[in-house]
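> Got a predicted model here, sequence first, then my questions.
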Amino acid sequence: MQDRAQRTRERILDAAAEEFATHGHEGTTLQAVADRVGMTKGAVYGHFTSKQAVAAALEAYGALALSALHPDSRAPDPVDTLRRLVGEFGARLRSDIRLRAALRLHASHPTAQPPTVLSDLLRHTSETVRAAQEEGAATADHPPHLIAGCLLTLACAGAGAAAPEELRPRPRDAQEVTDIALKLLNTP
């Protein structure tokens, strides 16, 4: 792809990310993306064949960005690893509109199969919670997957991003999630 065409494509993706992050899949139109980037809708179609093609490009970007968030779980201190992992996830969400858009797209318009990297992030975070529990550095009162989901959901909320379904606790876990939050209030 020519340099100029690539720059235009990047501008379109940035504009689309703003729209998708704010309005979700259903609320975003290619006309709004074109208006935001200062182009005609026809010019946008010259780079992407449809709104779904733009969304797919942002979701692919999000998968790549999430795949980079894997601090070494064999680090000597699993609590430090959790802090770094969740902190890096939250910081990346706050600073990266394309990643926020990708998560909003997935949350509001999930594909048939969840992104493997999102499942991998949750699994990796759960394994790190389990390691912290085994060392006695974290409470073992709650399942690791539930604590991991809460941590990642809080990181999304802190960045103003919609947490995808895979990260959110299930309704049957509502009381346990409440117990986790209330325990935090009682911790000195």
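Right, received. Where do you want to start?
> mind checking the longest helix of the chain?
Taking DSSP state H as the criterion, the chain has its longest helix at helix 3-27.
> helices or strands up against the helix or strand that that helix is followed by?
The first helix or strand that comes after helix 3-27 along the chain, using DSSP states H and E, is helix 30-37. Helices and strands touching helix 30-37, as assessed by 3 or more Cβ pairs under 8 Å, 6 or more residues apart in numbering; DSSP states H and E, comprise helix 3-27, helix 41-45, helix 51-67. Any C-beta I mention is one placed from the backbone N, CA and C, and that applies to glycine too.
> mind checking which of those helices is nearest Glu135?
When the helices and strands packed on helix 30-37 are compared by Cβ to Cβ, helix 51-67 sits nearest Glu135, at 26.4 Å.
> Can you list the buried residues in that closest one?
Residues 51, 54-55, 57-59, 61-63, 65-66 are the ones in helix 51-67 that count as buried (16 or more other Cβ atoms under 10 Å).
> what's it in contact with?
By Cβ atoms under 8 Å, 6 or more residues apart in numbering, the list of residues contacting helix 51-67 from outside reads 12-13, 16-17, 20, 25, 28-30, 33, 44, 48, 92, 96, 98-99, 101-103, 105-106, 109, 111, 115-118, 120-121.
> One more: stretch 2-18?
So stretch 2-18 is contacted by 1, 28, 33, 36-37, 39, 44, 47-48, 54-55, 57-58, 61, 97-98, 100-101 (Cβ under 8 Å, 6+ apart).
> Pull out the buried members of the residues you listed.
Applying 16+ other Cβ under 10 Å to these, the neighbour count classes 28, 33, 36-37, 39, 44, 47-48, 54-55, 57-58, 61, 97-98, 100-101 as buried.
> For the buried residues of helix 51-67, please prepare a markdown table with the additional fields pLDDT and distance to Pro143.
Formatted as a markdown table, these follow (pLDDT from 0 to 100; distance: Cβ to Cβ, whole Å):
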| residue | pLDDT | distance to Pro143 |
| --- | --- | --- |
| Lys51 | 95 | 39 |
| Val54 | 96 | 38 |
| Ala55 | 94 | 33 |
| Ala57 | 95 | 36 |
| Leu58 | 94 | 32 |
| Glu59 | 90 | 29 |
| Tyr61 | 93 | 32 |
| Gly62 | 90 | 27 |
| Ala63 | 86 | 26 |
| Ala65 | 89 | 27 |
| Leu66 | 86 | 22 |
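> May I ask which two of those are separated the most?
The span of these, defined through Cβ to Cβ, is set by Lys51 and Leu66 at 22.3 Å.
> The spatially most central residue of the chain and Ala162, how far apart?
Ranked by distance to the mean C-alpha position of the chain (Cα atoms, centre = their mean), the top residue is Leu103 at 4.4 Å. Counting by Cβ to Cβ, to the nearest Å, the separation of Leu103 from Ala162 is 6 Å.
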